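Student: here is a sequence together with a model predicted from it:
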Amino acid sequence: MTELLTAAQMRAIEQAAIDSGEVTGLELMERAGQGVVEAIFEEWPELAGASGRGASPSGSPEYLDKEEVPFRAVVLCGPGNNGGDGFVVARLLHERGWAVEVFLYGEAEKLPPDARVNYERWTDLGEVNDVSVCAMNKGWSCDLLIDALFGTGTTRALPDLGELFWNMEDMVDCFQVEPLHEIGRPAIVAIDFPSGVCADSGRDFPHRDEHWRFSASAHITVCFHQPKLGHFIGDAVEKCGKVVNKDIGLRPSHEWRKSNWRQICKLLQAAHQDWLRKLTDQNKFGNGHSVVLTGERGHTGAARLAARGALRVGAGLVTLCVPEDACQEVASQVTSIMMKTVDDAADLSAALEDKRINALCIGPALGLDRAKPLVAAALDAGQQARPTVLDADALSAFADEPNALFAMLHEKCVLTPHGGEFARLFPDISEKLNAVPTKGPAYSKVDATREAAKRAGCVVLFKGADTVIAAPDGRCSINSAHYERSAPWLATAGSGDVLAGFITGLLARGFDPMGAAETAAWLHVECALKFGPGLIAEDIPEQLPAVFRDLGL
Ligand SMILES: NC(=O)C1=CN([C@@H]2O[C@H](COP(=O)(O)OP(=O)(O)OC[C@H]3O[C@@H](n4cnc5c(N)ncnc54)[C@H](O)[C@@H]3O)[C@@H](O)[C@H]2O)[C@@H](O)CC1
Ligand SMILES: [K+]
């Protein structure tokens, strides 16, 4: 499990380490620069000089044979410590025999102390020109372009760099690894963040000039100590290319944690194998009984997908509650899933008298007209507070009075809105999230989901390729389907219904609401990755056996 930090938390950790006397800021900057160079050679071993070019074991430029042409790097340095990292990288590449050009955005006299020291060290080796000299450059005729303009300090728009960013995006699109140096388009490496991206929200800061870009683009982004929130949400996921984290020798974050910190958000990277394993001495009732409500005739597919998901994820029994007129339709489609006739709220209340039903899924294609009374019956205070997933129509039906829904919800509920449903239930929060950010830290999807969970009083899973899950007490996690977990085929009809079913099945098995939502979201992406292209919703539950086998269950 990786904890994702905010820029302020990262600054606090660095400052605490420096104040403790364990390390100096200058040492951290040197390690950051070394980490970047290391990451570059790991990503592109050919740049490390497997052929001998520029890869002096002694670190000496004289190592190059006379006829050899050195690799060329352009390093763009900004006015803060990100720029300081850039000067370190420039020096380290120069020491390896590279031809390095350095450009500065800002004034050398105003650089912060550590960055200034590294600026001075560089000026003993080479020139520094103003970044405006190269901003128009479209060819770059270099092998490597280092973006050390802004890192975690980006707090506002950078309109004068828009054209540069536009050219960088173009270069990322056109980049071919082989032959790297012959096509005149470099590999682009962002230090900490592609410049212009807000570290807490992953968002960039648009400005009046719509023509140019608002942030840089990179093939790889090298961050330090731990990734930040902004690497996994917002615009940044399209800009970072690939996120590589490098250790800079700081002790684990929890050792520096302050009581006044906002709670940490974690990145989901694995399932809880122990929780998913079934106990050998349990019968089907021991693994819980899930109930899923279907829509009316012709609208039962979504609930059937959810039920299949609940069954495959391990619920002992799954029952579909079906209106009379849809029974034949459903009966012809299901085998291991049971059925019960439920036409209205009274029928549902009666069905829920069975205390062995320990998880409920309500909403997929339920029908807006039927949803309100059925949701009220499902959440009836007279009933036991039963783990309940509310999705789709169960959310949209309350667009005109979200507070009526919030008043009925309890701590065992999980809401699973996509962007549209989220906006219907939390219009003010959605408005904040969609407003054009003007200064950092910008309001993020993590902020929005946390606020929504607090208001609803239950877990909220805000869907997307960056799914954010939050509990009312501030616990939060991101299930990323970006970078190496990119799963574009998951954006398919019925995929969300299967996710709701996974959560319901895990709730029936005894997972707590946060754990069920996290594990279901993670498994959902794993299933898509396992299947690959061509995935449709029906395929998702069918991948679970293979995913479970890989987990060693
Ligand atoms: N503090 C440390 O000890 C370390 C910092 N490191 C590097 O330092 C970076 C953070 O450094 P800084 O806090 O100096 O921030 P940046 O270097 O990201 O930004 C520099 C400064 O520019 C200003 N700024 C923000 N938006 C601007 C705009 N639109 N136009 C003009 N100026 C703007 C801000 O006041 C900010 O402080 C990290 O991303 C990382 O690369 C690493 O060297 C590791 C160690
Ligand atoms: K940068």
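Tutor: Looks like it came in fine. Ligands and ions are numbered 1, 2, ... in the order given.
Student: give me the below-cutoff pLDDT ranges for the protein.
Tutor: The chain contains residues with pLDDT under 70 at 50-68, 135-140, 174-184, 258-262, 381, 383.
Student: let me see the domain layout of it.
Tutor: 26-55+68-258, 278-550 (automatic domain parsing).
Student: number of nearby residues for Glu27?
Tutor: 15 (other Cβ atoms under 10 Å). No exception for glycine: its C-beta is placed from N, CA and C like everyone else's.
Student: excluding its backbone neighbours, what's nearest it?
Tutor: Spatially, and ignoring its direct neighbours in sequence, Glu27 is nearest to Gly249 (8.0 Å; Cβ to Cβ, 6 or more residues apart in numbering).
Student: so the one you found lies in a strand, does it not?
Tutor: No - checked against DSSP: H, G, I helix; E, B strand; the rest coil, Gly249 lies outside a strand; its state is coil.
Student: these two touch, right, it and Arg31?
Tutor: Yes - under the criterion of Cβ atoms under 8 Å, Gly249 makes contact with Arg31 at 5.8 Å.
Student: these two: which is more packed in?
Tutor: Arg31 (20 against 13).
Student: over to Val244. Which of the three states is it?
Tutor: strand.
Student: residues in contact with the residue of the stretch 301-450 of the chain at minimum distance from ligand 1?
Tutor: Nearest to ligand 1 in the stretch 301-450 of the chain, going by Cβ to the nearest ligand atom, is Gly440, at a distance of 7.5 Å. By Cβ atoms under 8 Å, 6 or more residues apart in numbering, the residues touching Gly440 are Ala7, Thr154, Thr155, Arg156, Cys198, Ala199, Asp200, Ser201, Phe205.
Student: just put the domains of the chain in a markdown table and tack on distance to Ala12.
Tutor: Formatted as a markdown table, the domains of the chain follow (distance: least, Cβ to Cβ, whole Å):
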| stretch | distance to Ala12 |
| --- | --- |
| domain 26-55+68-258 | 6 |
| domain 278-550 | 14 |
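Student: pipe the ones you listed into JSON lines and attach distance to ligand 2 per row.
Tutor: Listed next are the domains of the chain as JSON lines, based on distance: least, Cβ to the ion, whole Å:
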{"stretch": "domain 26-55+68-258", "distance to ligand 2": "4"}
{"stretch": "domain 278-550", "distance to ligand 2": "14"}
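Student: of those domains, which is nearest Leu268?
Tutor: domain 278-550 (4.6 Å; Cβ to Cβ).
Student: how far does that closest one sit from its chain's centre?
Tutor: Centroid displacement of domain 278-550 relative to its chain, using Cα atoms, centre = their mean, to the nearest Å, is 20 Å.
Student: start and end of that domain, how far apart?
Tutor: This stretch, domain 278-550, spans 15 Å end to end (Cα to Cα, to the nearest Å).
Student: can you check stretch 399-419 too?
Tutor: Across stretch 399-419, first to last residue, Cα to Cα, it's 13 Å.
Student: same thing with stretch 378-396?
Tutor: 16 Å.
Student: buried set for it?
Tutor: For stretch 378-396, a neighbour-count test (16 or more other Cβ atoms under 10 Å) marks 378-379, 383, 386-396 as buried.
Student: report the two of those residues separated the most.
Tutor: Gln383 and Ser396 (23.1 Å).
Student: the helices in the stretch 51-200 of the chain, which residues?
Tutor: Listed in chain order, the helices found in the stretch 51-200 of the chain under DSSP state H, counting those that start in this stretch are 81-95, 113-123, 162-174.
Student: a markdown table for the buried residues of stretch 378-396, including distance to Cys321 and secondary structure?
Tutor: Below are the buried residues of stretch 378-396 laid out as a markdown table (distance: Cβ to Cβ, whole Å; DSSP: H, G, I helix; E, B strand; the rest coil):
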| residue | distance to Cys321 | secondary structure |
| --- | --- | --- |
| Ala378 | 10 | helix |
| Leu379 | 15 | coil |
| Gln383 | 14 | coil |
| Arg386 | 13 | coil |
| Pro387 | 16 | coil |
| Thr388 | 13 | strand |
| Val389 | 14 | strand |
| Leu390 | 15 | strand |
| Asp391 | 15 | coil |
| Ala392 | 15 | coil |
| Asp393 | 14 | helix |
| Ala394 | 13 | helix |
| Leu395 | 18 | helix |
| Ser396 | 19 | helix |
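Student: near ligand 1, list only the ones from those.
Tutor: Among the buried residues of stretch 378-396, no residue lies close to ligand 1 (Cβ under 6 Å from any ligand atom).
Student: just name the closest of these to Val498, please.
Tutor: Nearest to Val498 among these: Asp391, at 10.7 Å, using Cβ to Cβ.
Student: the helices of the stretch 51-200 of the chain: which one's closest to Val446?
Tutor: Val446 sits nearest to helix 81-95 of all the helices of the stretch 51-200 of the chain, at 22.6 Å, using Cβ to Cβ.
Student: hmm, the closest one touching ligand 1?
Tutor: Yes - residues of helix 81-95 contacting ligand 1 under Cβ under 6 Å from any ligand atom: Asn81, Asn82, Gly83, Gly84, Asp85.
Student: measure the last one to Tyr483 for me?
Tutor: To tie it back to what came earlier, the one meant is Asp85. 22 Å (Cβ to Cβ, to the nearest Å).
Student: same question, the fourth one
Tutor: As for Gly84, its distance to Tyr483 is 27 Å (criterion: Cβ to Cβ).
Student: right, I'll leave it there.
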